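Asker: all I have is the shape, not the residue letters:
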């Protein structure tokens, strides 16, 4: 079949993103540490963590059902699927597909968080679904600023549209709007804190509290993939590529990682019920970008 | 087919066209599953009045079939009323519960109100056409004022049956009151008879209308979708949660219809057909997964005898098959790929996104983007709602004795629901056959282009218009997910065979207990707080017993205010006031009533005599 080659390209792309994802997570961690005057772990530390976790036994509560054991696979598959559909090597896909693949992973992880029957998990799941209620409309609005003029929601057409356009005011508004969503979607400060299990702040970490060993390794990796996919989306759509080709993409990812580390260093964690206002700013910027076009 | 009847009705005609066929297909699929399910479900509950229930159930199926297949206004209204009366009797089947009877009467009142508007719409048309036959009505050329009136009357009339906000108040009361296999049909098909009616009116009778028609439908769709899903998320009664979610899904269907009307008015035949396709696909998809969820809810009630989610939990181990089929329904209604809900959600997204194609100017762009965001909001809320529903009911430990001793239902029940779960997957992976059937609806209709979705092949839905296009490959997404899961498995096994050690859930060193689990109320709290300007939550704290400083027993009562129910309060009060006044002339004395009769007869005679002169 003709499509087989195309399909293979998608899978190769997913493979590259899967392999590179822990590196990007490590870069963010290290640059954050340097910004905070710490030495920090090396950029490869996330690989070592995952490698260690994959050799460990899993402690599983007798309360849980098969769903708890299946959820990491679904979460990983959804993140990998989304990674395959970013327009890099492959043809790209519809933006709604990517967003709903993220939703699929989130749905199962939130279910798994309720399965062990602890209040920590339930709290994490409840907050994660609440944040998704705020994030999804803001994310769609930010993407609409690009899509509405191109008449298509295919990501490959959108990235093309972004590349050919000059840096206008509308473009900057849209980029900041998406950056806010990016911070929220990847679970970073000021919306969520990826470095703590403290119950008052935890959202994503709360959901995964009951996971250990190989299951946790899968989830950590999948989160990194999801993060890289979102960063790529931001970089490809909203940042002008300095040089074409793989080097350009790598530069853009590095730049976005640095921006995330800066945001994480210079802001405080926000109270949960301040997040609606934070994401409303993103929505308003998107609307302004639409009007300014 | 024509059945001759005496004048003034004329002969009643039956006709099944492409539009009827889609709804009859949905009725057939859901009806078959509900019938199989009923074999198991009705054994325990209704042995004493089994014949009545079975007879009414079949009459209900027949009445809906009649609604879809007659092509004659008079017969349509008869079938419509038959459906209303039969479903009313089914709602009050469990009439020992006063709540059910009250639900039944509110339902009857609202549905009769709707029928008045539907009949008005038909009579406006029939008076112009001089016939009650659908064919003659369709051939009619209407002036814009009459068309506008017919549009409004039909939209209000059918909208009442569909359960759109603010005419939805009967729906969350009546659907949970009926036996569950009937609820499945009511939410799956009966409210869709209203969508059928709208489609019949807007395609056949009214044709392309002005822009404001679409605007009204879109506005009502937005309000129904958002309010419906917010109320669903707040609900802890499983069946009422599903009923509110039906309000939401009717809103989504209306978004498709509204976009279709806007495109038709803006002279975009291809996009008009696309938007209607979204609405009709969602109609069928929702029929399947909502009845699946109601059947699942019925199984839960069957085994635990409670609809209260806070008393459930842990059923995934006790009722494994029911849990799996319910999970399919929950994922489909949350519009997750690769299930059926995602296909219709994608089509609706595309129709809303392309709205600026029909209208010029910046307002249209902002409106299009905002509508897409609203649809995203309802999608996320629906996902939260069904994470809550599935998580609280099926996962963790049982929260009460009811749930602790639950048993799996008879195979006939879960396999009937399993058929529908399979359909969710089939409609999600292979949308082409149904899309082809839907495209036949537009054949030969002015203002619609039936060929819009023909661009794809068996695994891709694609459309291409002048400067717009889109494609979705559900099968490709499915393959990617499978590949992703395989990679995950390889990673999992990368460092040898895994071993799993048992260890209790971490609860800071205390022995875990079902009372430590998150509750449904707790799960929905962040949304309740963030949306408090709509939901108006109120919390009462009662101090039950104990001294001032120690051993106090507190009880909380949480409620939300349904702002749309308060619209009805003035109406309610004025009806009661008029009725109180009427009491004075209704004394109960027979002589007085005979006197009234005589007086009216004389008045009529006198008036007639004058009039004739």
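Answerer: Great, that's in hand. The structure displayed is predicted, hence computed values, not measured ones.
Asker: ok, now which ones touch residue B:223?
Answerer: Contact analysis of residue B:223 by Cβ atoms under 8 Å, 6 or more residues apart in numbering or on different chains lists B:165-166, B:251. All C-beta atoms are positioned from the backbone trio N, CA, C, and that covers glycine.
Asker: helices - which of those land there?
Answerer: residue B:251 (DSSP state H).
Asker: and the stretch 501-613 of chain B, which residues reach chain A?
Answerer: When proximity is defined as Cβ under 8 Å from any Cβ of the partner chain, the stretch 501-613 of chain B approaches chain A at B:501-507, B:512, B:514, B:516-518, B:522-527, B:529-530.
Asker: now a PyMOL select for only the buried ones of these.
Answerer: To isolate the buried members of these in PyMOL, using 16 or more other Cβ atoms under 10 Å in any protein chain shown:
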select buried, chain B and resi 504+505+506+507+512+514+516+517+518+522+523+524+525+526+527+530
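Asker: among the residues of the stretch 501-613 of chain B next to chain A, which are in helices?
Answerer: B:522-523, B:525-527, B:529-530.
Asker: my read is that residue A:248 contacts residue A:236, right?
Answerer: No: Residue A:248 lies out of contact with residue A:236 (Cβ atoms under 8 Å); the separation is 9.8 Å.
Asker: now the closest residue to chain B within chain A, nearest residue through space, not along the chain?
Answerer: Closest residue of chain A to chain B, Cβ to the nearest Cβ: residue A:122 (2.3 Å). Excluding its sequence neighbours, the residue lying closest to residue A:122 (Cβ to Cβ, 6 or more residues apart in numbering or on different chains) is residue B:518, at 2.3 Å.
Asker: please tell me how far that neighbour sits from residue B:362.
Answerer: Per Cβ to Cβ, to the nearest Å, residue B:518 is found 45 Å from residue B:362.
Asker: where exactly do the strands run in chain B?
Answerer: Taking DSSP state E, the strands of chain B run over residues B:2-3, B:12-13, B:461-465, B:468-472, B:500-502, B:537-545, B:553-560.
Asker: tell me where the stretch 51-200 of chain A has strands.
Answerer: Secondary structure of the stretch 51-200 of chain A by DSSP state E, counting those that start in this stretch: the strands cover A:58-60.
Asker: give me the low-pLDDT residue ranges for it?
Answerer: For the stretch 51-200 of chain A, residues meeting the criterion pLDDT under 70 lie at A:160-167, A:199-200.
Asker: check what pLDDT residue A:9 gets.
Answerer: With respect to pLDDT, residue A:9 scores 88.
Asker: hmm, it is touching residue A:92, no?
Answerer: No: if you go by Cβ under 8 Å, residue A:9 and residue A:92 don't touch, sitting 10.8 Å apart.
Asker: which one's more surrounded, those two?
Answerer: A side-by-side neighbour count of residue A:9 and residue A:92, using other Cβ atoms under 10 Å in any protein chain shown, places residue A:92 first with 23 against 15.
Asker: identify the residues contacting the residue nearest to the more buried one when sequence neighbours are not counted.
Answerer: In space, residue A:92 comes closest to residue A:156 once its chain neighbours are excluded; the distance is 3.4 Å by Cβ to Cβ, 6+ apart. Residue A:156 is in contact with A:87, A:91-92, counting by Cβ under 8 Å, 6+ apart.
Asker: could you pull out the helices for the stretch 351-500 of chain B?
Answerer: Along the stretch 351-500 of chain B, the segments classed as helices by DSSP state H, counting those that start in this stretch run B:362-394, B:401-404, B:411-429, B:432-439, B:474-492.
Asker: make a markdown table out of those helices and add mean pLDDT.
Answerer: Output for the helices of the stretch 351-500 of chain B, formatted as a markdown table (pLDDT from 0 to 100):
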| stretch | mean pLDDT |
| --- | --- |
| helix B:362-394 | 95 |
| helix B:401-404 | 90 |
| helix B:411-429 | 95 |
| helix B:432-439 | 92 |
| helix B:474-492 | 93 |
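Asker: can you tell me which of those helices is nearest to residue B:37?
Answerer: Smallest distance to residue B:37 across these (Cβ to Cβ): 3.8 Å, for helix B:411-429.
Asker: where does the stretch 1-150 of chain B have low pLDDT?
Answerer: B:1, B:5-10, B:45-48.
Asker: rewinding a little: pick the most buried one from the strands of chain B.
Answerer: Among the strands of chain B, ranked by average contacts under mean count of other Cβ atoms under 10 Å in any protein chain shown, first place goes to strand B:468-472 (a mean of 21).
Asker: now do that one: which elements does it pack against?
Answerer: With contacts defined as 3 or more Cβ pairs under 8 Å, 6 or more residues apart in numbering or on different chains; DSSP states H and E, the packing partners of strand B:468-472 are helix B:340-353, strand B:461-465.
Asker: what angle sits between that strand and strand B:461-465?
Answerer: Taking axes from the mean of the first three to the mean of the last three Cα atoms, to 10 degrees, strand B:468-472 and strand B:461-465 form an angle of 180 degrees between their directions.
Asker: name the nearest residue to the spatially most central residue of chain A, sequence neighbours excluded.
Answerer: Most central in chain A under Cα atoms, centre = their mean is residue A:227, positioned 3.1 Å from the mean C-alpha point. Distances taken as Cβ to Cβ, 6+ apart put residue A:186 closest to residue A:227, at 4.5 Å, once the chain neighbours are dropped.
Asker: thought the one you found was touching residue A:263?
Answerer: No: with contact defined as Cβ under 8 Å, residue A:186 does not reach residue A:263; the gap is 10.7 Å.
Asker: the two: which has the busier surroundings?
Answerer: Neighbours around residue A:186 and residue A:263, counted as other Cβ under 10 Å, are more numerous at residue A:186. The numbers are 23 against 17.
Asker: please list all residues in contact with that one.
Answerer: By Cβ under 8 Å, 6+ apart, the contact set of residue A:186 is A:226-227, A:230-231, A:260.
Asker: stretch B:327-340: how far from the chain's middle?
Answerer: The chain centroid and the centroid of stretch B:327-340 are separated by 16 Å, computed with Cα atoms, centre = their mean, to the nearest Å.
Asker: quick one: end-to-end length of it, please.
Answerer: 13 Å (Cα to Cα, to the nearest Å).
Asker: any residue of it touching chain A?
Answerer: Yes: Stretch B:327-340 comes into contact with chain A (Cβ under 8 Å from any Cβ), by way of B:327, B:331, B:334-337.
Asker: what are the ranges of the helices in chain A?
Answerer: A:3-35, A:45-53, A:66-84, A:95-115, A:119-150, A:155-164, A:169-185, A:204-207, A:213-238, A:245-266, A:275-292.
Asker: export the ones you listed to JSON lines and append columns for distance to residue B:43.
Answerer: Shown next, in JSON lines, are the helices of chain A (distance: least, Cβ to Cβ, whole Å):
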{"stretch": "helix A:3-35", "distance to residue B:43": "49"}
{"stretch": "helix A:45-53", "distance to residue B:43": "51"}
{"stretch": "helix A:66-84", "distance to residue B:43": "30"}
{"stretch": "helix A:95-115", "distance to residue B:43": "32"}
{"stretch": "helix A:119-150", "distance to residue B:43": "36"}
{"stretch": "helix A:155-164", "distance to residue B:43": "53"}
{"stretch": "helix A:169-185", "distance to residue B:43": "49"}
{"stretch": "helix A:204-207", "distance to residue B:43": "41"}
{"stretch": "helix A:213-238", "distance to residue B:43": "42"}
{"stretch": "helix A:245-266", "distance to residue B:43": "60"}
{"stretch": "helix A:275-292", "distance to residue B:43": "49"}
